[in-house]
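Asker: The following block contains a protein sequence and its predicted model.
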Amino acid sequence: MNALMMSNVELVSDSIVDRVYEQLKAMAVSYEFKPGERLNEGELAKRLGVSRTPLREALNRLNTEGFLRFTPGKGFFCRELDAHEIFDLYELRKSIEVASVRLAIKRARDEDIDALLKFLEATGPDPGERSSLELVELDETFHERLMAMSNNAEMLRVLRNVNARIRFVRWIDMDRVNRSNTQAEHRAVVEGLKARDEAACVSVLEKHIDRRLDRITAAIKEGYAQIYMPATARSAAN
């Protein structure tokens, strides 16, 4: 096999792994696998139409990124919905967002700040007919665009990982959030950034991201109820 053919084979193999990774990640994020459930690799390979090799590569990647758990001799398991782990992830999120906004004070371009203000105007304070999934996606987009202005790609990579790992709890929590207040806090952060007022940005951002352990625990209890709700009842609830 010549070098070109080998390169093409590797590209196809990588694309298969990436596809399987994204499919499995979506299933893990939404807890399509039950918390603590052992994954049946044979069934998954058949369901996704792939061999065990790309499946195992994708599973290993998800384990490394914290979406799954691996026990030697037993296999891969869906991660538990653990309140302390989610709390730790919120603390991590707060620490990197505060650190990144300090960098953005010095590095952000005025045109990028103005574009983020326009994004807030376009999405508005009213949730309208948007689902919790759509509202969380909008919120993640805002925070990722804010962090992008720090010009630190590694911070942004970590934030995206954290966002995905807390996304299920945020879908539940979103029903309790006042979007008007959230959007007002978003605007205050961006206006502080525009004024290059570090203290104002940090103060609002810390308050905005903070989540108490009891609130996370309540969201997780509701999350368990939704995960184990019969499919027919779940469809009716939606």
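Answerer: Good, I have the coordinates. Numbering: from 1, shown residues only.
Asker: Contact partners for the closest residue to residue 57 other than its chain neighbours?
Answerer: Leaving aside its sequence neighbours, residue 57 sits nearest to residue 17 (Cβ to Cβ, 6 or more residues apart in numbering; 4.8 Å). Bear in mind the C-beta positions are built from the backbone N, C-alpha and C, glycine included. By Cβ atoms under 8 Å, 6 or more residues apart in numbering, the residues touching residue 17 are 54, 57-58, 61.
Asker: what are the ranges of the strands in this protein?
Answerer: 68-71, 75-78 (DSSP state E).
Asker: Which of the contacts of residue 17 fall in helices?
Answerer: 54, 57-58, 61 (DSSP state H).
Asker: quick one: which of the residues you listed has the most company?
Answerer: When neighbours are taken as other Cβ atoms under 10 Å, the top entry among the ones in helices among the contacts of residue 17 is residue 58 (24 neighbours).
Asker: and the residue lying closest to residue 28 once chain neighbours are set aside, how many neighbours?
Answerer: Using Cβ to Cβ, 6+ apart and skipping the chain neighbours, the partner closest in space to residue 28 is residue 67 (4.3 Å). Residues near residue 67, counting by other Cβ under 10 Å, number 21.
Asker: wait, doesn't residue 67 sit right on residue 162?
Answerer: No: counting by Cβ atoms under 8 Å, residue 67 sits too far from residue 162 to count as a contact (11.6 Å).
Asker: Any regions of the protein where pLDDT drops low?
Answerer: 1-13, 230-238 (pLDDT under 70).
Asker: Show me how it divides into domains.
Answerer: 16-78, 83-229 (the TED database).
Asker: For residue 196, grab phi and psi.
Answerer: In terms of degrees, to the nearest 10, the main-chain angles of residue 196 are phi 60, psi 40.
Asker: In space, what's closest to it - neighbours in sequence excluded?
Answerer: residue 105 (5.4 Å).
Asker: what sits against the one you found?
Answerer: 193, 196-198, 201.
Asker: now swap in residue 150 and tell me
Answerer: Here residue 150 is in contact with 100-101, 103-104, 107-108, 156 (criterion: Cβ under 8 Å, 6+ apart).
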